[in-house]
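1. I need the structure of the sequence given here:
(2 chains)
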Protein chains: 2
Amino acid sequence: MNTFRQKCDLDLGIPYDPPLTPSQRLQRVEDYVHQHGLNNAGFNTAKAADLLEMKVADLFGVEAAIWFPTGTMAQGVAAKIHVESHHDGSKKILLHPTSHLLLHEEDGYKHVYNLQPKIAGTWTQSLDDSSIDKDLACVFIEMPQRHSGGVLPSWQALESIKQTCAKQNVPLHMDGARLWACRPFYENRSYAQILKGFDSVYVSFYKDIGASGGAMLLGNKPFIEQAGIWRTRLGGFSPGSWPMIVDTLSVLEQKLKGMPAYVQKAQSLITSISDLQVDILPADAHVNLFHLKLSYSKETIERALQVVADTEGVWLSDRIWEWQHLTYCSMEFVIGENALRLSESRFRKAVECLLRQLADHSG
Amino acid sequence: MNTFRQKCDLDLGIPYDPPLTPSQRLQRVEDYVHQHGLNNAGFNTAKAADLLEMKVADLFGVEAAIWFPTGTMAQGVAAKIHVESHHDGSKKILLHPTSHLLLHEEDGYKHVYNLQPKIAGTWTQSLDDSSIDKDLACVFIEMPQRHSGGVLPSWQALESIKQTCAKQNVPLHMDGARLWACRPFYENRSYAQILKGFDSVYVSFYKDIGASGGAMLLGNKPFIEQAGIWRTRLGGFSPGSWPMIVDTLSVLEQKLKGMPAYVQKAQSLITSISDLQVDILPADAHVNLFHLKLSYSKETIERALQVVADTEGVWLSDRIWEWQHLTYCSMEFVIGENALRLSESRFRKAVECLLRQLADHSG
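-> Here you go, the predicted model:
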């Protein structure tokens, strides 16, 4: 970590909640184990996973769930199962250009799963139903769409996607890594209502939930059974994984309660800078995540961040996304416990400082 | 766990060392973190893996190493890398019929990696060099060969395999899940000497080493770099995995010191029953593992085990392997700290009791 960042009294980078030492993490796991009568030598990863799978399946109103060590594995498996059950042998999956599969997985979709992506949609907008046709073996939609600033489809657009998939008989999969904060945008509809119509859903435990790691795949029983076979094939089940599963059990409910406040804070931070000369994506927060579009190089922005840190004592972001085909970088903000401590006026001052630095650089 | 087993004062089943509660496991990790100055919020899975990779690469005298959550993933990746670099596009890998890839991975070699196994060798004997030809993209040899009672190739046979692979230009991979106890059989040659000539080696941390989980792949730098890309593709790197890595760091050296005594004990237990009417595989211990060949059904053997438990207070084994193509079951013994407490005379009495029960059943 650079010294400018270290000297800040407020750090909006990862982790989004107060950082924990290994000792504190272990203590959290230890506390849960004791409080729930799990401290016996027979306790293991399978038993921990059972507990978490039941809890999450119940929370989302789905038939079954299976724990995975990572979202990459969970989603590869989901896509593969859908592709293998396509009546006509299609290997095509519909992916938005910002999909994690295209950007962050070393093209595992191709090398491991032999999938053919059909890429559709606009970088800054949520996927819509216009590219869904019956030749697809699966449609992937990320909700919220991280690299588009956390945008969600409107309820109507989502309904339309669900209906089109049903009509065309194409399985619909949700990359719900950050699904946790979606409810306010959908007028507080339940997770079960949001998930209805999806054939499979992946959620992550170490992003918004802040557990040490892990992911889950949700679906009907036959689908989850298949996923279990694939998890064995891939070697995704290690007997040493139980601490991260228990860690998830220990924080899940508490963190869910925090989501509405995070989304509200994202909105108030956006509002506090909405009259400044900077593009905010989205203009109003959909979830607890938003981006600033900055037409400068990553290097320039990182230098400016150091000046902001030095002047304002705030480390604004540690995620500056630079993509070859775009003329701007995206500075990512994720709201967790840390950002709740940031006043709107201080945030505005810090962003003003950032923009001034950037303008000076180009001037 | 059945009540017969629970009442035994000596249990030779898994785990082979005294069982630990979750609390005790966590404490072991906590102790290591503190003793080694790792208790800061920046400590993570990547840093833990670095420490273990350096330690193991050094121990084995190899250029590089990479941590994996499971052996299934580590070995799939090893095979895939070798296959992808075959000059003629061969997808053939030589596997012994007892290979983990064929028996315990839901055919991931086919479904995930698109490999073509060439199966060669006799079930109860270690793989030899007779089936190695240049059409192979890779040769897999398990050392020791678990389902053959832990047999190893003689040093001469191993040298011959290495030379044949080198001559035919076929990469040689070791399934070294239980490699840790091999040194006594090879006149205490170093791990580095045993590994010399292998292009890749996998070792497991939760079998003989008794850590909570994890595995490692060893090889040269370009190979390990490739393995890192595959680990990303497969989603094998979870940020929540550090406790099992630290757990491994905390026990590795201590457990290695125990190996010679385990092998010696395996030999003395075998010797104590060598005049009884039962086939022991191998006749003399190669490592800390051996099998009894019992020509009865698994169900019959399990009933007999309960009588032994009730009469002798010893739970002999929780691994009774029954394979469709064999006329017998294999009862597996793995020597760890628990078995060191078992006297040869008591073991002999327990096996006599077992054989009597089985004979009575068939009579």
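
2. show me what the helix or strand hosting A:W242 packs onto, helices and strands only.
-> In the assignment (DSSP states H and E), A:W242 maps to helix A:242-272. Helix A:242-272 makes packing contacts with helix A:22-35, helix A:45-60, strand A:289-294, helix A:337-340, helix A:344-362, helix B:22-35, helix B:242-272 when contacts are defined by 3 or more CB pairs under 8 Å, 6 or more residues apart in numbering or on different chains; DSSP states H and E. Placement of C-beta: from N, CA and C, glycine included.

3. let's see 7 Å
-> helix A:22-35, helix A:45-60, strand A:289-294, helix A:337-340, helix A:344-362 (3 or more CB pairs under 7 Å, 6 or more residues apart in numbering or on different chains; DSSP states H and E).

4. buried deepest among these, which one?
-> Mean neighbour counts were compared across the helices and strands packed on helix A:242-272 using mean count of other CB atoms under 10 Å in any protein chain shown; the top stretch is strand A:289-294, at a mean of 24.

5. now that strand: how far from the chain's centre is it?
-> Per CA atoms, centre = their mean, to the nearest Å, the displacement of strand A:289-294 from the mean C-alpha position of its chain is 15 Å.

6. quick check: neighbours of that strand in the sheet, parallel or antiparallel?
-> Applying DSSP bridges, strand A:289-294 is found paired with strand A:279-281 (antiparallel), strand A:329-334 (antiparallel).

7. now it and helix A:344-362, what's the angle there?
-> For strand A:289-294 against helix A:344-362, the angle by axes from the mean of the first three to the mean of the last three CA atoms, to 10 degrees is 30 degrees.

8. contacts for strand A:289-294?
-> A:144, A:146, A:149-150, A:178, A:266, A:270, A:278-282, A:301, A:328-334, A:358 (CB atoms under 7 Å, 6 or more residues apart in numbering or on different chains).

9. what's the average pLDDT for stretch A:264-278?
-> In this model, stretch A:264-278 has an average pLDDT of 98.

10. before we move on, what about stretch A:182-194?
-> Mean per-residue pLDDT for stretch A:182-194: 98.

11. name the residues of it that are buried.
-> Within stretch A:182-194, the residues that count as buried by 16 or more other CB atoms under 10 Å in any protein chain shown are A:C182, A:R183, A:P184, A:F185, A:Y186, A:Y191, A:I194.

12. from start to finish, how long is it in a straight line?
-> End-to-end distance for stretch A:182-194, by CA to CA, to the nearest Å: 9 Å.

13. contacts made by it with the rest, please.
-> Taking CB under 7 Å, 6+ apart as the rule, stretch A:182-194 contacts A:L59, A:F60, A:G61, A:M143, A:P144, A:L152, A:W155, A:P260, A:V263, A:H286, A:V287.

14. same thing with stretch A:23-37?
-> By CB under 7 Å, 6+ apart, the surrounding residues in contact with stretch A:23-37 are A:39, A:212, A:243, A:246-247, A:249-250, B:22-23, B:26, B:29-30, B:33, B:39.

15. off-centre distance for it?
-> Chain-centre distance of stretch A:23-37: 26 Å, with CA atoms, centre = their mean.

16. give me the nearest residue to A:I161, chain neighbours excluded.
-> Nearest residue to A:I161, sequence neighbours excluded (CB to CB, 6 or more residues apart in numbering or on different chains): A:D129, at 4.6 Å.

17. A:C165 is in contact with that neighbour, correct?
-> No: contact criterion CB atoms under 7 Å: A:D129 and A:C165 do not qualify, at 8.0 Å.
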